[in-house]
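J.: one predicted model, sequence on top.
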Amino acid sequence: MDLGLRGKIAVVCASSEGLGKASALALAKEGAKLVICSRREKSIRETARQIHELTGSEVHAVEADVGKPSDISKVVKEATDKFGTVHILVNNAGGPPTGDIFTLSDEQWQKAHDLTLMSMVRMTREVLPLMIEQKWGRIISITSFVAKQPADELMLSASIRPGILGLSKILSNQYAKDNITINTICPGNIFTKRQEELSKTRASSKQMSVEDFIASQTKNIPAGRYGKPEEIGEIVAFLASERASYISGVNLLVDGGLTKGIH
Ligand SMILES: NC(=O)c1ccc[n+]([C@@H]2O[C@H](COP(=O)([O-])OP(=O)(O)OC[C@H]3O[C@@H](n4cnc5c(N)ncnc54)[C@H](OP(=O)(O)O)[C@@H]3O)[C@@H](O)[C@H]2O)c1
């Protein structure tokens with residue numbers, strides 16, 4: 001199936017590793033040109049080099065912290081300076097820390113709010129005018145299954161991410177007339193560096209080995225395994241594509257059946 005993404009310009013946030021990188025790679029494989037960003041310059045440049053080598057697509061790397069408003073403006077400015085516009089925005093950011101109501105400080109709540117929700121608000125505010133003008137756009141935000149089914153240890157994530165789902169739904173209603181689709185993806189447990197780190201923290205809080213913790217988590221996943229980053233990347237590419245032109249306002253679980261209930 002031709003996804004119709006050849007020549008489209010995509011900004012993929014927080015993409016030197018993990019789900020962001022997998023999304024960038026999947027889009028580049030379909031012929032999209034990319035602007036990718038993360039905080040560590042060396043790492044984002046290396047990822048740009050790898051994706052270009054694998055796909056031949058043009059990839060521009062920007063050192064940026066999506067928790068900072070000025071860095072968000074910088075990413076969008078570099079995208080428009082280099083490629084003229086933005087067709088596809090993939091919102092993504094590092095995940096907030098674990099903790100509970102007594103251990104998480106006001107500062108951590110504020111930082112998580114800025115990084116998780118406000119990064120999406122600010123990025124979307126910058127690119128939406130370009131999409132309205134060209135009457136074509138795709139905004140896909142990577143959130144988490146905990147936005148639908150809270151996990152006790154992931155209090156910041158479970159409290160703040162539902163805001164992204166609400167915001168996406170409102171925006172999808174408002175801008176469908178401009179041929180802009182706005183969706184979120186809610187990943188389950190996907191093997192990335194973050195997942196490895198989280199597993200270590202959660203295992204130690206339960207006084208378990210990481211291996212036993214992962215085995216206990218896997219028991220709850222009907223697919224019988226954790227997901228792979230490319231299983232998120234390929235869904236991002238599909239939602240960004242011409243083929244998904246009538247899908248908007250959806251919060252798509254990609255979790256091997258982990259989340260219970262009818263969503
Ligand atoms: N993996 C899972 O199972 C899973 C499940 C549900 C939800 N999620 C969520 O999906 C998101 C991505 O997770 P992941 O597993 O791909 O994480 P990861 O493997 O740790 O990768 C995180 C990426 O984000 C970049 N990054 C982190 N903070 C940033 C910031 N402030 N500004 C710009 N870039 C930043 C990192 O690069 P630099 O260090 O260079 O900045 C890296 O490229 C997180 O919000 C996570 O909570 C993940």
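T.: It's in.
J.: state the mean pLDDT of the longest helix seen in the chain.
T.: Looking across the chain with DSSP state H, the single longest helix is helix 155-175. Across helix 155-175, pLDDT averages out at 98.
J.: does the ligand sit close to whichever helix or strand comes after that helix?
T.: Towards the C-terminus, the helix or strand next in line after helix 155-175, according to DSSP states H and E, is strand 180-187. Yes: Strand 180-187 reaches the ligand (Cβ under 6 Å from any ligand atom) through Pro187. No exception for glycine: its C-beta is placed from N, CA and C like everyone else's.
J.: same for strand 180-187, what does it pack against?
T.: helix 119-134, strand 137-142, helix 155-175, helix 229-240, strand 251-254 (3 or more Cβ pairs under 8 Å, 6 or more residues apart in numbering; DSSP states H and E).
J.: and the ones you listed as JSON lines, adding distance to the ligand and mean neighbour count?
T.: Output for the helices and strands packed on strand 180-187, formatted as JSON lines (distance: least, Cβ to the nearest ligand atom, whole Å; neighbours: other Cβ atoms under 10 Å):
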{"stretch": "helix 119-134", "distance to the ligand": "7", "mean neighbour count": "19"}
{"stretch": "strand 137-142", "distance to the ligand": "5", "mean neighbour count": "26"}
{"stretch": "helix 155-175", "distance to the ligand": "6", "mean neighbour count": "19"}
{"stretch": "helix 229-240", "distance to the ligand": "7", "mean neighbour count": "23"}
{"stretch": "strand 251-254", "distance to the ligand": "9", "mean neighbour count": "19"}
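J.: got the residues of the stretch 1-150 of the chain near the ligand?
T.: By Cβ under 6 Å from any ligand atom, the part of the stretch 1-150 of the chain that sits against the ligand consists of 14-20, 37-40, 43, 64-67, 92-95, 115, 142, 144.
J.: try 8 Å this time
T.: 13-22, 37-40, 43-44, 47, 64-68, 71, 92-96, 115-116, 119, 142-146 (Cβ under 8 Å from any ligand atom).
J.: of these, buried ones?
T.: 13-22, 37-39, 44, 47, 64-67, 71, 92-96, 115-116, 119, 142-146 (16 or more other Cβ atoms under 10 Å).
J.: pLDDT-wise, which helix or strand of this structure ranks last?
T.: helix 193-205 (a mean of 91; mean pLDDT, DSSP states H and E).
J.: does the ligand have contacts with that one?
T.: Yes: with Cβ under 8 Å from any ligand atom as the criterion, the ligand is reached by helix 193-205 at Lys193, Arg194, Gln195, Glu197, Leu198.
J.: residues in contact with the last one?
T.: Translated: Leu198. Residues counted as contacts of Leu198 (Cβ atoms under 8 Å, 6 or more residues apart in numbering) are Gly95, Thr98.
J.: now with 7 Å, please.
T.: Thr98 (Cβ atoms under 7 Å, 6 or more residues apart in numbering).
J.: same thing with the third one?
T.: For Gln195, the set of contacting residues under the criterion of Cβ under 7 Å, 6+ apart consists of Asn189.
J.: can you rerun that using 10 Å?
T.: Contacts for Gln195 (Cβ atoms under 10 Å, 6 or more residues apart in numbering) come out as Gly18, Leu19, Gly95, Pro187, Asn189, Ile214, Gln217, Tyr226, Gly227, Pro229.
J.: in CSV: those, plus distance to Ile160, pLDDT and secondary structure.
T.: Compiled in CSV, these are given as follows (distance: Cβ to Cβ, whole Å; pLDDT from 0 to 100; DSSP: H, G, I helix; E, B strand; the rest coil):
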residue, distance to Ile160, pLDDT, secondary structure
Gly18, 19, 98, helix
Leu19, 17, 98, helix
Gly95, 11, 94, coil
Pro187, 16, 98, strand
Asn189, 19, 96, coil
Ile214, 25, 95, helix
Gln217, 22, 94, helix
Tyr226, 23, 97, coil
Gly227, 22, 98, strand
Pro229, 23, 98, helix
